[in-house]
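> Build the 3D model from these lines:
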Amino acid sequence: MCRTAVVAWVATCLLALVSGCATKAKPESGARWWKGNLHTHSLWSDGDDYPEMIAQWYRNQGYHFLSVSDHNVMQSGERWFPLKGGTNGRGNGVALRKYIDAWGTNWVHQRSRGETNEVRLRPLDEYRGRIEEPGSFLLIAGEEITDRHLNAPLHMNAHNLRFPIQAQGGSNVVDVLQRNTDAVLAQRKATGQPMFPHINHPNFGWAITAEELMQIRGEQFFEVYNGHPSVHNEGDAGHPGTERMWDIALTWRLAFLNLGPMFGLAVDDGHNYHTNDVQLSNAGRGWVHVRARSLRVEDLIAALEAGDFYASSGVELRDVRRHGDHLDVEVQPTPGTQYRIEFIGTRRHFNPTRSPLTSATGIPLRVSQRYSPDIGTVLAVVDGTKASYQLRGDELYVRARITSSKPKPNPGRPGEMEAAWTQPLIPIVP
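So this is what the prediction gives:
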């Protein structure tokens, strides 16, 4: 590694020590795990169920928090949903009958406008009082800021907003993502209310390259796992999967860009709530477990920003400890299931060579570049439910991936197995 890279790495580690991006020595006293989903849709945009029904499902499934994040809208103000398409239309038929059965005719307001029947969509501030349970279930206001550049769909969730944020646009992919990130952070600063953005499904429409992802300032989160069947978590022959993109972004942000780590979320991106199918975007596929001292939104966001959480598509962890020079992982096992714990990272003296993928005529394609296998290499493997990695002293970061032999029920792609991902341990330079 060149001298500039080493200097940048040292500066990054010192910044982590000051800003809290590096791991705390131990979790806060009294902290516990809270399960939540940070990406889901309702009839306020392109989901096919009423928000109260969706929130009730998550609460009944043992989740502790939920952020319903509809496209370019927050659940506020007056909104009437037109029931079109007969009994098979969105919000109609089975969905409407289940809604009335669960909430009653006095709650479900309907009206006719000409030949169209409409149902009033309740805003969050009207239904949260009937869903939330102090210390047990929390609703967090959200929005999916839905933007694009040319043919690239660029989506970013924002959580605990006070006001909706209009898609900002921009001159290129990085500019669009940066402007939307800056808008969320500006609202946070102006209101004093904790809130944060996260970049959604970078491989949806092959919208974001690893080089673009790594450049966003002030952005700490992206979706390493998304349960929608069209988001290409695994990549393909011409595009890296989201885990590979994560390692590339982590390495460059820590070694060269002085931007600090990026954390990986798992989410549902649910749209379809009445039929389960591998070709549909269903609830219950991806979530985070956040270790916080309470189910207050301030404590959850503080823990997320400290990286004190793990992402899961099914594997549950009994404990994760990122402390000093150790990363410790312990699985909450399911009987009859085998587990593999892989510690993944990049060492400081990695080969930084990268090259673009080109067309048959030699023109660089707008896809992630090819990087050395030194980046995001497997540093150690343990088969079992408990493992510990001790830093050797030359790592930029180390994270853990836990895979299982258990097929995922209602997967987002055929043959999917349950997994989990810890957040990176960043060494601190004395």
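> who are the neighbours in contact with Glu219?
Residues near Glu219 by C-beta atoms under 8 Å, 6 or more residues apart in numbering: Leu177, Thr181, Pro197, His198, Ile199, Met262. The C-beta positions use only the backbone N, C-alpha and C, and glycine is treated the same way.
> can you check Trp44 too?
Pro51, Val68, Asp70, Val73, Gln75, Arg79, Leu121.
> Just give me the neighbour total for the nearest residue to the last one once chain neighbours are set aside.
Spelled out, that is Leu121. Nearest residue to Leu121, sequence neighbours excluded (C-beta to C-beta, 6 or more residues apart in numbering): Arg79, at 4.4 Å. As a burial measure, Arg79 scores 15 neighbours (other C-beta atoms under 10 Å).
> Could I have the CA atoms of the longest helix seen in the chain written out in CSV?
The residue-count maximum for a helix in the chain (DSSP state H) belongs to helix 173-191. Presented in CSV, the C-alpha positions along helix 173-191 are these (Å, rounded to 0.1, in the frame of the first residue of the first chain):
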residue,chain,number,x,y,z
VAL,A,173,-25.7,9.0,-9.8
VAL,A,174,-23.4,10.2,-7.0
ASP,A,175,-24.8,13.8,-7.2
VAL,A,176,-28.4,12.5,-6.8
LEU,A,177,-27.5,10.2,-3.9
GLN,A,178,-25.5,13.0,-2.2
ARG,A,179,-28.1,15.6,-2.6
ASN,A,180,-30.8,13.4,-1.1
THR,A,181,-28.5,12.4,1.8
ASP,A,182,-27.7,16.0,2.4
ALA,A,183,-31.4,16.9,2.5
VAL,A,184,-32.1,14.3,5.2
LEU,A,185,-29.1,15.5,7.2
ALA,A,186,-30.2,19.1,6.8
GLN,A,187,-33.6,18.3,8.2
ARG,A,188,-32.0,16.5,11.1
LYS,A,189,-29.8,19.6,11.9
ALA,A,190,-32.7,22.0,11.5
THR,A,191,-35.1,20.2,13.7
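> avg pLDDT for it?
For helix 173-191, the mean per-residue pLDDT is 98.
> Could you identify the helix or strand that succeeds the lowest-mean-pLDDT helix or strand in the chain?
Averaged element by element with mean pLDDT, DSSP states H and E, the chain has its least confident helix or strand at helix 3-19 (a mean of 38). Next helix or strand after helix 3-19 toward the C-terminus (DSSP states H and E): strand 32-37.
> how close does Asn157 sit to Ile341?
In this view, Asn157 and Ile341 are 29 Å apart by C-beta to C-beta, to the nearest Å.
> all helices of the stretch 51-200 of the chain, in order?
51-60, 94-103, 124-131, 173-191 (DSSP state H, counting those that start in this stretch).
> Out of the ones you listed, which is closest to Glu416?
helix 51-60 (20.9 Å; C-beta to C-beta).
> Buried residues in that closest one, which are they?
For helix 51-60, burial by neighbour count (16 or more other C-beta atoms under 10 Å) applies to Pro51, Glu52, Met53, Ile54, Ala55, Gln56, Trp57, Tyr58, Arg59.
> Just give me how far it sits from the chain centre.
The chain centroid and the centroid of helix 51-60 are separated by 19 Å, computed with C-alpha atoms, centre = their mean, to the nearest Å.
> Can you check what angle separates that helix from helix 124-131?
Interaxial angle, helix 51-60 versus helix 124-131 (axes from the mean of the first three to the mean of the last three C-alpha atoms, to 10 degrees): 40 degrees.
> what are the phi and psi values for the residue sitting furthest away from the middle of the chain?
Centroid-distance maximum for the chain: Gly114 at 42.1 Å, with C-alpha atoms, centre = their mean. Here is the backbone geometry of Gly114 (degrees, to the nearest 10): phi 70, psi -120.
> in the stretch 301-430 of the chain, what spans have low per-residue confidence?
429-430 (pLDDT under 70).
> those strands in it, which residues are they?
Counting by DSSP state E, counting those that start in this stretch, the stretch 301-430 of the chain has strands at residues 309-312, 317-323, 326-331, 339-347, 354-355, 370-371, 377-383, 386-390, 395-407, 417-422.
> angle of the fourth one against strand 386-390?
Going back to what we said before, that points to strand 339-347. If you take the same axes, to 10 degrees, strand 339-347 sits at 10 degrees to strand 386-390.
> ok, back up a step: how about CSV for the strands of the stretch 301-430 of the chain, with mean neighbour count added?
Shown next, in CSV, are those (neighbours: other C-beta atoms under 10 Å):
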stretch, mean neighbour count
strand 309-312, 24
strand 317-323, 18
strand 326-331, 20
strand 339-347, 22
strand 354-355, 12
strand 370-371, 16
strand 377-383, 14
strand 386-390, 17
strand 395-407, 21
strand 417-422, 22
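> Export the ones you listed as TSV, with columns for distance to Asn37.
Output for the strands of the stretch 301-430 of the chain, formatted as TSV (distance: least, C-beta to C-beta, whole Å):
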stretch	distance to Asn37
strand 309-312	11
strand 317-323	17
strand 326-331	21
strand 339-347	23
strand 354-355	35
strand 370-371	31
strand 377-383	29
strand 386-390	27
strand 395-407	19
strand 417-422	15
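> give me every residue that touches Glu132.
Glu132 neighbours (C-beta under 8 Å, 6+ apart): Leu138, Leu139.
> got the phi/psi numbers for it?
Main-chain dihedrals, Glu132, degrees, to the nearest 10: phi -70, psi 150.
> swap in Arg162?
phi -100, psi -30.
> Surely it is in contact with Lys189?
No: applying C-beta atoms under 8 Å as the test, Arg162 and Lys189 come out as separate, 11.9 Å apart.
> ok, the two, which is more surrounded?
Arg162 (13 against 10).
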